[in-house]
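need the 3D shape of this:
(chains A, B, C and D)
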There are 2 protein chains.
Amino acid sequence: MDESLPEAATAAPAAAPSPAPPKGTVTQRAIDQIKAMIGEGRLEPGARLPTERDLASQLGISRSSMREAIRALTVLGVLEARHGSGIYVTQLEAGDLLETFGVVADLSRGPRLVELLEVRRILESTATALAAARITADQLAEVEKHLTAMNATDDPEEILSHDLAFHRVIAGAAGNETMAAILDGLSSRTFRARVWRGYQEEGAFERTRREHAAIHRALVAHDPEAARAAAAAHVGEVEEWLRAQLQP
Amino acid sequence: MDESLPEAATAAPAAAPSPAPPKGTVTQRAIDQIKAMIGEGRLEPGARLPTERDLASQLGISRSSMREAIRALTVLGVLEARHGSGIYVTQLEAGDLLETFGVVADLSRGPRLVELLEVRRILESTATALAAARITADQLAEVEKHLTAMNATDDPEEILSHDLAFHRVIAGAAGNETMAAILDGLSSRTFRARVWRGYQEEGAFERTRREHAAIHRALVAHDPEAARAAAAAHVGEVEEWLRAQLQP
DNA sequence: GGAGCGAAGTGGTCTGATAAATATTCCTGG
DNA sequence: CCAGGAATATTTATCAGACCACTTCGCTCC
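Numbers count the residues shown, from 1 in each chain, chains lettered A, B, ... in the order given. Next up is the predicted model:
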């Protein structure tokens, strides 16, 4: 019967500064609080966090919930847990935080693949244009290395690998690490493997080779506009092919 | 002694297709396996997963570890847990998966903020150009609504809110949901609030107003090139200001 | 047939314990 | 005094079991 009154005696002992904003789950709150600590600068990149137990008691939650929060921030690339050592804030660099971008590419299908390629075309053409203006001799040599290696083999795996590296070096030469990291995610292995499985079976090898050569020529000539056009055409070819595939 | 030969007796009862690839933590493995299930189409968008308990025993791990895996995929926007109901795969649309993009903007500092603005400038200018060609009368009306509302108040909070909506409608009119979702992340509330705190104190209100008007004119005229230029200049202004701030 | 209720199912949280990897301390021998 | 290594302490990784909160659905009763 009537044994329990909703409110009453349970005056929480530790309701100090934060009047316990009861939004969402405790785990979500923990995630937000840790993010806030980093955002406000209370935790520098590379800093070591208190132990799981300390953090848990500090926020008034159980260790299980705290572990879920930590795990979530780990997959986001914000934290890094080292077994036996502790939990650390990553360097919060573009590569750390944008690694999850690959998940988007891996799980997207149908029309969204075309949209992703459109984004890649826009960013890649601009990045290649910037690279044409800024690329150094060393970087250019590396581009050539992957270009020749790509043309010297017939193994699709190896071609794909050098193709990815080819574009990665170019993106790096553009001087915008964030853009390079995004492009890396948009070119993730499984994403390209999926699209190219069919594309390369239509004799696209030769065309791809010519397009890469055009990009390389533009880089050598330090001609941003030619580089932009060549890169846009390169991605656009795949984009158009994929668009056609979706309307049988 | 010599009691242990590497292989031998422990013929696991359920070591059927996957010979237990012992890479990383069990939780990470669980994350990968669930991702694989979705990637291979064994789990459609919107589908309901087995219960935590079933999934855990199915993969041979404890419920705690399985919960961490689920939580991780939840913050990535891949899964959605409904208390008392079950765990479901999201629709895997751009908005779901790219929500995490906001944390990049929120946690970035210094030079990376400039890089993010550069990416935004590239995408936003292209999106605005596309919108100029494709925008409908209804969408144009909504753009105007936010434009006038923005100019009718002095409350920074309200201005920021309508500013975000202004660009969001334009991005939506460009017809690429993925690009719109990325731009949304690049314009997340806390990100812009941080940058604009200083920017708007330098009498940038009037300039911002003129830039928005220019974008709007280009949209009305359905002039992609003008729209591209206006949008690029708009973001570029903030970008340049921020770049200058970093070299005192 | 419909409204209300209650039991079963399911995610959310907590507690406690053990294993594994790492960090620290301290002892020993030169 | 110092170098090396073993014992010890710290910390994350994982597991197990319990209880609570919310949802769902079937059942009863009107």
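
could you check how far the residue of chain A found nearest DNA strand C is from A:Thr51?
Proximity of chain A to DNA strand C (Cβ to the nearest atom of the strand) peaks at A:Gly84, 2.6 Å away. All C-beta spots, glycine's among them, are computed from the backbone N, C-alpha and C. Noted for A:Gly84: a distance of 11 Å to A:Thr51, by Cβ to Cβ, to the nearest Å.

who's more crowded, the two?
When A:Gly84 and A:Thr51 are compared for neighbours, A:Thr51 comes out ahead with 14 against 4, by other Cβ atoms under 10 Å in any protein chain shown.

how about the residue nearest to that one when sequence neighbours are not counted, what does it touch?
Distance criterion Cβ to Cβ, 6 or more residues apart in numbering or on different chains; nearest residue to A:Thr51, sequence neighbours excluded, is A:Gly86 at 6.9 Å. By Cβ atoms under 8 Å, 6 or more residues apart in numbering or on different chains, the contact list for A:Gly86 reads A:Arg48, A:Leu49, A:Thr51.

what's the spacing between A:Gly86 and B:Asn151?
52 Å.

re earlier: helix/strand/coil for the residue of chain A closest to DNA strand C?
Assigned state for A:Gly84: coil (three-state reduction, DSSP: H, G, I helix; E, B strand; the rest coil).

and A:Ala81, by the same measure?
When classified by three-state DSSP, A:Ala81 comes out as strand.

buried ones in the helix or strand bottoming out on mean pLDDT in chain A?
In chain A, the helix or strand scored least confidently by mean pLDDT, DSSP states H and E is helix A:189-199, which has a mean of 87. By 16 or more other Cβ atoms under 10 Å in any protein chain shown, the buried positions in helix A:189-199 come out as A:Phe191, A:Arg192, A:Arg194, A:Val195, A:Trp196, A:Tyr199.

hang on, the fifth one packs against A:Leu164?
Read that as A:Trp196. No. Between A:Trp196 and A:Leu164 there is no contact under Cβ atoms under 8 Å: 11.0 Å.

can you pull out the helices in chain A?
A:26-39, A:52-59, A:63-75, A:94-97, A:101-107, A:111-134, A:137-151, A:156-173, A:177-186, A:189-199, A:204-220, A:224-245 (DSSP state H).

can you put those in a markdown table and add distance to DNA strand C?
Listed next are those as a markdown table, based on distance: least, Cβ to the nearest atom of the strand, whole Å:
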| stretch | distance to DNA strand C |
| --- | --- |
| helix A:26-39 | 4 |
| helix A:52-59 | 8 |
| helix A:63-75 | 4 |
| helix A:94-97 | 19 |
| helix A:101-107 | 20 |
| helix A:111-134 | 27 |
| helix A:137-151 | 33 |
| helix A:156-173 | 29 |
| helix A:177-186 | 27 |
| helix A:189-199 | 27 |
| helix A:204-220 | 41 |
| helix A:224-245 | 35 |
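
kindly report the domain assignment for chain A.
With domains defined by automatic domain parsing, chain A comprises A:1-92, A:101-245.

where among those domains is average confidence lowest?
Ranked by mean pLDDT, the domains of chain A end with domain A:1-92 at the bottom, a mean of 83.

burial count for A:Arg29?
Under the neighbour criterion other Cβ under 10 Å, A:Arg29 is assigned a count of 20.

once you drop chain neighbours, what's closest to it?
Of all residues not flanking A:Arg29 in the chain, A:Lys23 sits nearest, at 6.9 Å (Cβ to Cβ, 6+ apart).

and the gap between the one you found and chain B?
14 Å (Cβ to the nearest Cβ, to the nearest Å).

please apply the same query to A:Gln33.
Counting by Cβ to the nearest Cβ, the gap from A:Gln33 to chain B is 14 Å.

which parts of stretch A:223-234 are buried?
For stretch A:223-234, the neighbour count (16+ other Cβ under 10 Å) marks A:Asp223, A:Pro224, A:Ala226, A:Ala227, A:Arg228, A:Ala229, A:Ala230, A:Ala231, A:Ala232, A:His234 as buried.

for it, give me every contacting residue.
So stretch A:223-234 is in contact with A:121, A:124-133, A:208, A:211-212, A:214-215, A:217-219, going by Cβ under 8 Å, 6+ apart.

switch to 6 Å and redo it
A:Arg121, A:Glu124, A:Ser125, A:Thr128, A:Ala129, A:Ala132, A:Ala133, A:Glu211, A:Ala214, A:Ile215, A:Ala218 (Cβ atoms under 6 Å, 6 or more residues apart in numbering or on different chains).

which one among these gets closest to B:Thr178?
A:Arg121 (12.1 Å; Cβ to Cβ).

mind listing what the closest residue to that closest one other than its chain neighbours touches?
Once flanking residues are discounted, A:Arg121 sits nearest to A:Val235: 4.0 Å by Cβ to Cβ, 6+ apart. Counting by Cβ under 6 Å, 6+ apart, A:Val235 touches A:Arg120, A:Arg121, A:Glu124.

so the first one makes contact with A:Asp184?
No. If you go by Cβ atoms under 6 Å, A:Arg120 and A:Asp184 don't touch, sitting 10.6 Å apart.

just list whatever residues bridge to the residue nearest to A:Thr51.
When bridges are called by DSSP bridges, A:Gly86 pairs up with A:Arg82.

surely A:Ala69 and A:Ala30 touch.
Yes. In this structure, A:Ala69 is within contact of A:Ala30 by Cβ under 6 Å, at 3.8 Å.

looking at the two, which is more packed in?
Using other Cβ under 10 Å, the more surrounded residue of A:Ala69 and A:Ala30 is A:Ala69, with 30 against 24.

contact partners for that one?
Taking Cβ under 6 Å, 6+ apart, we find A:Ala69 in contact with A:Thr27, A:Ala30, A:Ile31.

again, only using 8 Å
Residues in contact with A:Ala69 (Cβ under 8 Å, 6+ apart) are A:Thr27, A:Gln28, A:Ala30, A:Ile31, A:Ile34, B:Arg71.

among the residues you listed, name the buried ones.
Buried members of these, scored by 16+ other Cβ under 10 Å, are A:Thr27, A:Gln28, A:Ala30, A:Ile31, A:Ile34, B:Arg71.

which pair of those residues spans the longest distance?
The span of those, defined through Cβ to Cβ, is set by A:Ile34 and B:Arg71 at 13.7 Å.

between the buried residues of helix A:189-199, which is nearest B:Asp155?
Ranked by distance to B:Asp155 (Cβ to Cβ), the buried residues of helix A:189-199 are led by A:Phe191 at 43.4 Å.

was I right about the closest one contacting A:Val103?
No. A:Phe191 is beyond contact range of A:Val103, at 10.1 Å (criterion: Cβ under 8 Å).

A:Glu80 is in contact with A:Glu99, isn't it?
No. The pair A:Glu80 and A:Glu99 does not pass the contact test of Cβ under 8 Å, sitting 11.6 Å apart.

flag every residue of chain A that's near DNA strand D.
A:49, A:51-53, A:63-64, A:67, A:70, A:81-87 (Cβ under 7 Å from any atom of the strand).

which of those residues sits closest to A:Ala204?
A:Ala204 lies nearest to A:Ala81 out of the residues of chain A next to DNA strand D, by Cβ to Cβ, at 43.0 Å.

contacting residues for the closest one?
Counting by Cβ under 8 Å, 6+ apart, A:Ala81 has contacts A:Ile70, A:Thr74, A:Ile87, A:Tyr88.
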